[in-house]
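Engineer: Here is my input; please provide its structure:
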Amino acid sequence: MLTIHLDSTSATPLYEQIYQYIKLEIINGSLNFHTKLPSTRGLATHLSVSRNTIDMAYGQLLSEGYIESIEKRGYYVSQISNMTHITTTKDRNNNVIKNIMDDSKKENIYTSYLYNFSPFTIDLESFPYNTWRKLSKNCLNDNNRDLFLLGMNQGDDNLRSSITKYLHQSRGVNCNKEQIIIGAGVDYLLQLLAQLIPTKTQIAMENPTYKRAYKIFTGLNYSVAPISLDSSGISMEELKDSDANIVYVTPSHQYPLGVVMPINRRLELLNWSNEYPNRYIIEDDHDSEFRYIGKPIPSLQGMDSNENVIYIGTFSRAIAPAIRIGYMVLPHPLLELYKEKLTHYSCTVSRVDQSILTGFIEGGYFERHLNKMRKVYKAKHDTLMNALKIFEGSIKIHGENAGLHLIIQFFIPISESQLIDMAKENKIKLYGLSEHYITPPKDAPPTILLGYANLSETEIEKGVELLYHSLKSMVEKKI
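Structural biologist: Take a look at the predicted model:
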């Protein structure tokens, strides 16, 4: 039986303390390959915790591959020798283990926050584990050996067909499966797309923007023109004054400000793309599934009759970040160029994962999951909006109609960095808006992205209350 010292006063949840302990025992070799772990019931009784706590710890170890579940037999340590024995030298082994343990310490630092208002996370408590496990089992039990062969470079036909139907029904995207490229996330697809764009092309981007896309383009030596935003989205005046032939936008829910681009601005943008040959709009449909007022906004691509819109999306926010399955819809001219130049690239997504996701969509599970998550996130969104009333008169809220975070602008005599540092001292993790600017504005008021997906409604209320009192105390001392 495992004897684990649990600290009930720690900010780190008990299940995570158990998970970290077992993980390090496996990494340092104390728990060898195929060692049987205690049953969830037995370990829960031994440690005087709930069985659900053990289930969550084992579930995390299982999802990360440290342990495996054998039906009717229990949980066993997986073979991870490749992780700890990269070379034959003892020093290298020790360094690898040390680095992993250091990473674990960093994770503990990260989880030492009482309230982490991250805009990048989702609610993993609501992930459909049983359904995903069943689909995974069915996929591998069908003796479908073809899944272990190299598939089509654009992605498997079945998944692309499923995505085509889903995009048309939910987002109004008009395409066929031949236009879809499957890849391991939006970042990879943008790198692939960059190889279809002449290197001397200037790319316009919203400012602030999705900084990883900005870093990808500049890292590939493209000139990027930062374009400011107004209440309708990207400034058309600034865009027309630039030398850009390509513009990267997030029209359905601008990241990070949350602006929803209205129909008139969308038509202006499409007209801009029609003015010259080889002008394209990259539409990153960020957070399009989660909208709390009115119906989902149709895609820009669905309004495009001249094939000037490149549509990009991902399942990371709708299902889970680790799924790492994104898709790109290419206009036919770029599709022909892709077939001419890039067919030597293999698909970067496992065919097994593609098969599981296909079953998830085709079986109706994805639609039910989205409907469930809209209700979950709407409840958290409303809880946060109500909790923020305590700041009445000292903040302004933006982007509250969609997505998984709010933009909070503070009218207080401190800087954004001071606000974040103060929150950190009180074990609250905040994320500043300034980090998302290509060219930061001067004398901007302190503004943060306040995410709520990974927090419970109780944690949201307590976190906002603690932030309010901590900030009030700091301002009073400063005055």
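Engineer: tell me the domain ranges of this structure?
Structural biologist: Following automatic domain parsing, the chain resolves into domains at 14-112, 138-363, 368-478.
Engineer: Can you lay out those domains as JSON lines showing distance to residue 8, mean neighbour count and mean pLDDT?
Structural biologist: For every residue, glycine as well, the C-beta is placed using N, CA and C. Output for those, formatted as JSON lines (distance: least, CB to CB, whole Å; neighbours: other CB atoms under 10 Å; pLDDT from 0 to 100):
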{"stretch": "domain 14-112", "distance to residue 8": "7", "mean neighbour count": "15", "mean pLDDT": "73"}
{"stretch": "domain 138-363", "distance to residue 8": "29", "mean neighbour count": "18", "mean pLDDT": "92"}
{"stretch": "domain 368-478", "distance to residue 8": "17", "mean neighbour count": "17", "mean pLDDT": "93"}
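Engineer: Dump these to CSV, plus distance to residue 128.
Structural biologist: Shown next, in CSV, are these (distance: least, CB to CB, whole Å):
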stretch, distance to residue 128
domain 14-112, 13
domain 138-363, 8
domain 368-478, 6
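Engineer: Quick one, which of these gets closest to residue 123.
Structural biologist: Across the domains of the chain, residue 123 has its closest neighbour in domain 368-478 (5.1 Å, CB to CB).
Engineer: Could you give the separation of the closest one from the chain centroid?
Structural biologist: Distance of domain 368-478 from the chain centroid (CA atoms, centre = their mean, to the nearest Å) equals 19 Å.
Engineer: Stretch 169-185 too?
Structural biologist: On the basis of CA atoms, centre = their mean, stretch 169-185 sits 19 Å off its chain's mean C-alpha point.
Engineer: ok, residues contacting that stretch?
Structural biologist: Contacts of stretch 169-185 with the rest of the structure, by CB atoms under 8 Å, 6 or more residues apart in numbering, involve 154-157, 159-161, 163-164, 167-168, 189, 192, 285, 288-289, 296, 298-299, 301-302, 311, 313-314, 316, 324-332, 335, 338, 347-349, 354.
Engineer: wait, is residue 132 part of a strand?
Structural biologist: No: under DSSP: H, G, I helix; E, B strand; the rest coil, residue 132 sits outside any strand and is assigned helix.
Engineer: That one and residue 70, how far apart?
Structural biologist: Computed as CB to CB, to the nearest Å, the residue 132 to residue 70 distance reads 18 Å.
Engineer: you'd agree residue 278 is in a strand?
Structural biologist: No: checked against three-state DSSP, residue 278 lies outside a strand; its state is coil.
Engineer: check contacts around it.
Structural biologist: Neighbour list for residue 278: residue 245 [criterion: CB under 8 Å, 6+ apart].
Engineer: do the one 4 residues further on as well
Structural biologist: Taking CB under 8 Å, 6+ apart, we find residue 282 in contact with 190, 193, 246-249, 310, 312.
Engineer: What about these, which are in helices?
Structural biologist: Among the contacts of residue 282, the residues falling in helices (DSSP state H) are 190, 193.
Engineer: Would you mind putting the contacts of residue 282 into a markdown table with distance to residue 391 alongside?
Structural biologist: Below are the contacts of residue 282 laid out as a markdown table (distance: CB to CB, whole Å):
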| residue | distance to residue 391 |
| --- | --- |
| 190 | 37 |
| 193 | 41 |
| 246 | 40 |
| 247 | 35 |
| 248 | 33 |
| 249 | 31 |
| 310 | 40 |
| 312 | 36 |
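Engineer: Which strands or helices does the longest strand seen in the chain pack on?
Structural biologist: In terms of residue count, the longest strand belonging to the chain (DSSP state E) is strand 223-230. In terms of contacts (3 or more CB pairs under 8 Å, 6 or more residues apart in numbering; DSSP states H and E), strand 223-230 is packed against strand 202-207, helix 211-219, helix 236-241.
Engineer: quick one: the strands in the stretch 301-450 of the chain?
Structural biologist: Ranges of strands within the stretch 301-450 of the chain are 309-314, 326-329, 395-398, 405-410, 428-429, 431-432, 447-451, based on DSSP state E, counting those that start in this stretch.
Engineer: Partner strands of the second one, with direction?
Structural biologist: Pointing back at strand 326-329 there. Strand pairing for strand 326-329, determined by DSSP bridges: strand 180-183 (antiparallel), strand 309-314 (antiparallel).
Engineer: would you list the ones you listed in a markdown table and tack on distance to residue 431?
Structural biologist: Below are the strands paired with strand 326-329 laid out as a markdown table (distance: least, CB to CB, whole Å):
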| stretch | distance to residue 431 |
| --- | --- |
| strand 180-183 | 27 |
| strand 309-314 | 20 |
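Engineer: so which of those strands comes closest to residue 9?
Structural biologist: Nearest of these to residue 9, taken as CB to CB: strand 309-314 at 39.0 Å.
Engineer: Figure out how far that closest one is from the centre of its chain.
Structural biologist: With CA atoms, centre = their mean, you get 16 Å for strand 309-314.
Engineer: which other residues reach that strand?
Structural biologist: 167, 171, 173, 175, 185-186, 189-190, 193, 270, 273, 280-285, 288, 299-301, 325-331, 334.
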